[in-house]
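J.: Turn this into a model:
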Amino acid sequence: MTRPEIEAFLSICRHKNISKAAEALYISQSSLSTRLKMLEDHLGCPLLLRGKGKREITLTTQGQAFYDLALQYQQIIEKMETVGRGDMLDQLRISVINSVGNYLMPPVFRRFTEKYPHIQLVIQDMEAEMACSSIIRGKTDIAFSTAKVQTDQIIATPFLDDPMVVLCAADSDYPDQVDLDMLSIKNEIYVKWCVEHAYWHSVTFGGDAIPPVDLAVMGQIPLFLSGRNKWTLAPKSVADRLLADGQLLRACTPNFQVPFRTVYILRRRDNAETNTIHYFLDTLQEVLLASNTKGLLL
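T.: Prediction:
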């Protein structure tokens, strides 16, 4: 059992998707599958449930038990690697879903590390269920997710209502305000931004409507929108970041009702106001206000 094998397993658990897990580790899918098989062979049991038609990764009973141990192993390794860094007085561990971490948070992370150089910022990427489990176990301090999770131990606070825009290639024929009947499902690049968006899409276009591309790797949005009149619905914060990066895209206003993407802050109820969390949320609000992003930070 090796560290790369354990990291491969954790990446699969966090992303619930083989291609995304491999991309996060900068390795091929075949290399990722090989590492997982070697780990399972060493343990003598399957860690993942496999089956045709399954779109998301599901852990076996042994896989869930090993996941908890693997997280502890990772935390121990991280602490061992920082033994010589005595200047670090504190640590803040944040789990951020891909679309928020890549498109909204970079300036927040930069500003936070500038203001608080004595606090080590640990960035994680977990879906809501695993993030909440990690928060409860004390392995994560705060998480950002599109899932509203309220339990006896977890509190979810909405901080951003992100309106959706129609994103397309710069030379597409769409006007600045797009009517719904202008959007053909045959040209859609579908991304599941949140449960509410997926439900709206199913009701609006019909459950049997199948877009030609169902995209889970959001960094590839510009690639698939490069064709004329290809389109996707995307949160405004994502569109703003892509346009600021110089992508040859255009954002149009939908002339129809489409639900916002709400992003929630997930915290332990008994750990909601630690100093490091307070510092980060203050920095988050500061950056959002400076960029004219309409946020609801409570």
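J.: quick one, strands of the stretch 101-250 of the chain?
T.: 119-124, 142-145, 154-162, 164-169, 177-178, 189-190, 213-214, 231-235, 249-254 (DSSP state E, counting those that start in this stretch).
J.: Would you mind putting these into JSON lines with distance to F205 and mean pLDDT alongside?
T.: Every residue, glycine included, has its C-beta placed from N, CA and C. Listed next are the strands of the stretch 101-250 of the chain as JSON lines, based on distance: least, C-beta to C-beta, whole Å; pLDDT from 0 to 100:
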{"stretch": "strand 119-124", "distance to F205": "34", "mean pLDDT": "91"}
{"stretch": "strand 142-145", "distance to F205": "25", "mean pLDDT": "93"}
{"stretch": "strand 154-162", "distance to F205": "21", "mean pLDDT": "89"}
{"stretch": "strand 164-169", "distance to F205": "14", "mean pLDDT": "95"}
{"stretch": "strand 177-178", "distance to F205": "15", "mean pLDDT": "96"}
{"stretch": "strand 189-190", "distance to F205": "9", "mean pLDDT": "94"}
{"stretch": "strand 213-214", "distance to F205": "13", "mean pLDDT": "92"}
{"stretch": "strand 231-235", "distance to F205": "11", "mean pLDDT": "95"}
{"stretch": "strand 249-254", "distance to F205": "14", "mean pLDDT": "95"}
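J.: Can you check which of those strands gets nearest to S11?
T.: Nearest to S11, of all these, is strand 119-124, at 11.2 Å by C-beta to C-beta.
J.: Report the backbone C-alpha coordinates of the helix or strand containing T34 in CSV.
T.: Under the criterion of DSSP states H and E, T34 resides in helix 29-43. What follows is helix 29-43 as a C-alpha-only set of coordinates in CSV (Å, rounded to 0.1, in the frame of the first residue of the first chain):
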residue,chain,number,x,y,z
GLN,A,29,-7.6,7.5,-16.0
SER,A,30,-5.8,4.2,-16.7
SER,A,31,-3.1,5.1,-14.2
LEU,A,32,-5.8,6.0,-11.6
SER,A,33,-7.6,2.7,-12.1
THR,A,34,-4.3,0.8,-11.8
ARG,A,35,-3.5,2.5,-8.5
LEU,A,36,-7.0,1.7,-7.2
LYS,A,37,-6.8,-1.9,-8.2
MET,A,38,-3.4,-2.3,-6.6
LEU,A,39,-4.8,-0.8,-3.4
GLU,A,40,-7.9,-3.2,-3.4
ASP,A,41,-5.7,-6.2,-4.2
HIS,A,42,-3.5,-5.3,-1.2
LEU,A,43,-6.5,-4.9,1.1
